[in-house]
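S.K.: Generate a structure from the sequence data that follows.
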Amino acid sequence: MSHLITPEHIHEPQLSSIEIDTADCIATIGMLKSEDVFAPLMLLLKQIEKLIDKRIAVFVQRGLGEMHEISDYKFTEYGADIMEDEFPIIALANIVLKYEPFSIEEICFLKNKQIIISTAPTEFFTNEMVQLLHEKKITAVGINFLNIENSKIQETVNQLIEIFLAAQINRYSIHLNSLFLKSVYCYNGEICNREIAANAKVPWKDLVELCWNWN
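M.R.: As a prediction, this is how the structure comes out:
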């Protein structure tokens, strides 16, 4: 895997110059831009505002709302913080949202036990990608597995965020939620989607069993 881009191989000044205090936050959420100009927003402004009210910090990549005629300033009006690049956002967030699949470079920067929510075409994943997810014990959600309309994406993502935040309080109840069971394809680093596992040539594990055994 010597060809992979890792944090120590990239000179990113913002990674060392960020001075944002998240000590009073119970969680942090990052929202990344997608190259797809038709990509829907993962959260609405009102949903962001409600998260902020619950002491959940939200970091938005600059220009995320351009195609939706939402300025960076508008996001800040609703309480979000704007950041220029994706890697500092990944470094700060507990949960990272991106409509398009995460690139290999972004996966390299994920933190241990981070949660990511995106679309996740089964043919997109390589063995290197899933090995990184495994090593970092990532929990990953593919909203495409839910077969929902674009108009329902924000509501669904908001519900998924609530599930993960609730899991911090009562983690053993998470296996009862059908939204979680249908959308999670990687759980604490274990691939639990048969097609992804087959394409990447890695073992597949049953999500319900993994939830029961969570400790």
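S.K.: Tell me how far N112 lies from M129.
M.R.: Distance of N112 to M129, given as CB to CB, to the nearest Å: 16 Å. Where you see a C-beta, it was placed from the backbone N, CA and C, and this is true even at glycine.
S.K.: of these two, who's got more company?
M.R.: M129 (20 against 9; other CB atoms under 10 Å).
S.K.: and that one, what element?
M.R.: Assigned by DSSP states H and E, M129 belongs to helix 127-135.
S.K.: Tell me which other helices or strands that helix touches.
M.R.: helix 104-109, strand 190-191, helix 194-200 (3 or more CB pairs under 8 Å, 6 or more residues apart in numbering; DSSP states H and E).
S.K.: outside of the longest one, which residues touch it?
M.R.: Taking contacts as CB atoms under 8 Å, 6 or more residues apart in numbering, the residues outside helix 194-200 that touch it are 120, 122-123, 125-127, 129-130, 185-186, 191, 203-204.
S.K.: Centre of the chain to the next helix or strand after it, how far?
M.R.: Toward the C-terminus, helix 194-200 is succeeded by helix 207-212 as the next helix or strand (DSSP H and E). Relative to the chain's own centre, helix 207-212 is displaced by 20 Å; criterion: CA atoms, centre = their mean, to the nearest Å.
S.K.: and helix 207-212, what other elements does it pack with?
M.R.: Using 3+ CB pairs under 8 Å, 6+ apart, helix 207-212 is in contact with strand 184-187.
S.K.: Give me the contact list for the strand it packs on.
M.R.: Contacts of strand 184-187 (CB under 8 Å, 6+ apart): 120, 130, 133, 138-142, 145, 191-193, 196, 205, 207, 210-211.
S.K.: among those, which ones are buried?
M.R.: Buried subset of the contacts of strand 184-187 (neighbour count, 16 or more other CB atoms under 10 Å): 120, 130, 133, 138-142, 145, 191-193, 196, 205, 207, 211.
S.K.: So for the longest helix anywhere in the chain, mean pLDDT?
M.R.: Longest helix of the chain, by residue count under DSSP state H: helix 153-167. Per-residue pLDDT over helix 153-167 has a mean of 90.
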